[in-house]
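Visitor: please find the sequence and the predicted model below.
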Amino acid sequence: MNCTVFQRRLLSAEQPAQPAADVKNHLLQCPACRAWQRRLVQMERQILLLPVPPSTAKAELLQRIVGPTPAVAVGGATVERPTLRWSTLAPGPKERGLRKVSVAFALAAALLVFALGWWAWPHNTVTPSAGPVAQQERDQKKLDDRLARVLHEHTSRERLLRLADLAESVQGEAHAMGNNTEKLDRWARFYSRVVSQHLIEQARQLPAGDRPAVLEKIAKRLSGTESRATRKAAALASTAPRSAASFDQIALAARRGEKNLRDLMRG
Amino acid sequence: MRVAAFENSHEPLAKEHRQIVAAQQGDRPAFAALVESYWDRLYRWLYHLTHDQHTAEDLAQETFLKAFAGLKKFQAGTNFAAWLFRIAHNNFANQCRTAARQREPLPDDLTDSRRGPLEEAVSAEALQNVARAIQRLPADFRAALLLRLEEGLSFRQIAEVLDLTEETARWRVFKARQKLMSILAPRQEQEKS
């Protein structure tokens, strides 16, 4: 075998520093491959040394997860808020059995309706954008278009104010969304993107003299959003944990946005 | 190389198992302990994938929130880290698909970040070169290589996280190394001479 083969063996090894016996034997005899292996190992060690900016987001997340659990006064006595429960609405075995039967019937009925619909549907007609994936893409495109229109404003002040409006209407739509978890997830992610990336970026571009007046108002709106989203997340935590996670995400983005704006105001 | 947490000794694993079971029963501090254990590693990986602190932080937060919401589905006793990194990778993939991400260039001076004596021993220029070379890798290759190096995962475990076959995981690491060597090896030669 030639050196190229051994070098490829090193590239595909889990640990190039500790190669298989036959590769090791070759390395003992071949200074060029030894040098090549040294460079590979050195490069991998350097990757481990790459610096990463420190993150403050962990503390925010931890505060969100454990946060203070406020005590609730009930009839003069103070009652601890219960810990999060996933299964407060869990049915008993009999109910589960009945539910399974009714689900089976519902599925059979749905299949029948689908089969009839399929049979009756004109099959030579092509609908290019049918189905949930197409719907998701349309939703996403609409969101992106809304953002693009806002970013088209002439001044950073206008863009900032419009972004704050957009963020608020997106979170309002999320609140009105009901139990559509997939859509809610997309809206939450979009909210996070609008606030964490674009709003903060535009705020940075705002002249220092304009910052206090403009940013204070937006920071207050973000604070309001955080409160609403937190309450909603708490309300959904036991019954719809995925939806709760989306509201948690909105609350986190709002909170971080507010903090970043206040940092900018302080200069 | 960092020790693989996937292959830790029994005691930390038993502790983690207890935390997972407790968190599945709604114990928030237990889940917070899991966040404490995994945040830095997950954030570091996501940062290298995204090259953006805020995006990496958002993705890490989103990952933990989704993990918290879906913890009931996780089968205690199986590989929690792989499950968590897989959620993170799905989030990253979603983000790539839906958002036209605005990538920030790497900072010119990487020496500003927190560094220990080991990092100081390696020249800033060398690290800058490595950082740039990593940035030039396709995200799929980068994700696999960093799981191998940063997390010490075997190819089988990388495959589990990235939803690949073991051979594809091995091939991606191979290609990533090959590409990095082709970019960096001539530079390393120059630095030596």
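Guide: Cool, the structure landed.

Visitor: any part of the longest helix seen in chain B near chain A?
Guide: Secondary structure of chain B per DSSP state H: the longest helix is helix B:166-192. Yes. Residues of helix B:166-192 are located near chain A by CB under 8 Å from any CB of the partner chain, namely B:170-171, B:173-174, B:177-178, B:180-181, B:184-185, B:188. Bear in mind the C-beta positions are built from the backbone N, C-alpha and C, glycine included.

Visitor: other SSEs contacting that helix?
Guide: Secondary-structure packing of helix B:166-192 (3 or more CB pairs under 8 Å, 6 or more residues apart in numbering or on different chains; DSSP states H and E): helix A:3-11, helix A:31-48, helix B:124-136, helix B:139-149, helix B:155-162.

Visitor: now residue 34. Nearest residue, chain neighbours left out?
Guide: The chain I'm using is chain A. Using CB to CB, 6 or more residues apart in numbering or on different chains and skipping residues adjacent in sequence, the residue nearest A:Arg34 is A:Leu27, 5.1 Å away.

Visitor: look at chain B instead
Guide: B:Gln19 (5.4 Å).

Visitor: cool, B:Val130 as well?
Guide: B:Val130 sits nearest to A:Gln46 (CB to CB, 6+ apart), 4.6 Å away.

Visitor: what kind of secondary structure is B:Trp83 in?
Guide: B:Trp83 falls in the helix class when you classify it by DSSP: H, G, I helix; E, B strand; the rest coil.

Visitor: give the contact list for the residue lying closest to it once chain neighbours are set aside.
Guide: Nearest non-adjacent residue to B:Trp83, counting by CB to CB, 6+ apart: B:Phe74, 5.7 Å away. Going by CB atoms under 8 Å, 6 or more residues apart in numbering or on different chains, B:Phe74 touches B:20, B:24, B:67, B:80, B:83.

Visitor: now, these that are in helices?
Guide: When the contacts of B:Phe74 are checked against helices (DSSP H), the matches are B:20, B:24, B:67, B:80, B:83.

Visitor: I'd say the fourth one and B:Leu13 touch.
Guide: To tie it back to what came earlier, the one meant is B:Phe80. No. Look at B:Phe80 against B:Leu13 with CB atoms under 8 Å: they stay out of range, at 9.2 Å.

Visitor: between those two, who's got more neighbours?
Guide: Remark: of B:Phe80 and B:Leu13, B:Phe80 carries more neighbours, 23 against 15, as counted by other CB atoms under 10 Å in any protein chain shown.

Visitor: how much space between the more buried one and B:Lys73?
Guide: Note on B:Phe80: its distance to B:Lys73, by CB to CB, to the nearest Å, is 12 Å.

Visitor: other residues contacting the helix or strand hosting A:Leu62?
Guide: Following DSSP states H and E, one finds A:Leu62 within helix A:57-66. Contact with helix A:57-66 is made by A:248, A:251-252, A:255-256, B:28-29, B:31-32, B:35-36, B:39-40, B:43, B:57-58, B:60-61, B:64-65, B:68, as judged by CB under 8 Å, 6+ apart.

Visitor: write a PyMOL command that selects only the buried members of those residues.
Guide: To isolate the buried ones among the contacts of helix A:57-66 in PyMOL, judged by 16 or more other CB atoms under 10 Å in any protein chain shown, type:
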select buried, (chain A and resi 248+251+252+255+256) or (chain B and resi 28+31+32+35+39+43+57+58+60+61+64+65+68)
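
Visitor: before we move on, the earlier item: what are the phi and psi angles of the residue nearest to B:Trp83?
Guide: Phi and psi for B:Phe74, reported as degrees, to the nearest 10, are phi -70, psi 130.

Visitor: with B:Gly77 instead?
Guide: Phi and psi for B:Gly77, reported as degrees, to the nearest 10, are phi 100, psi -20.
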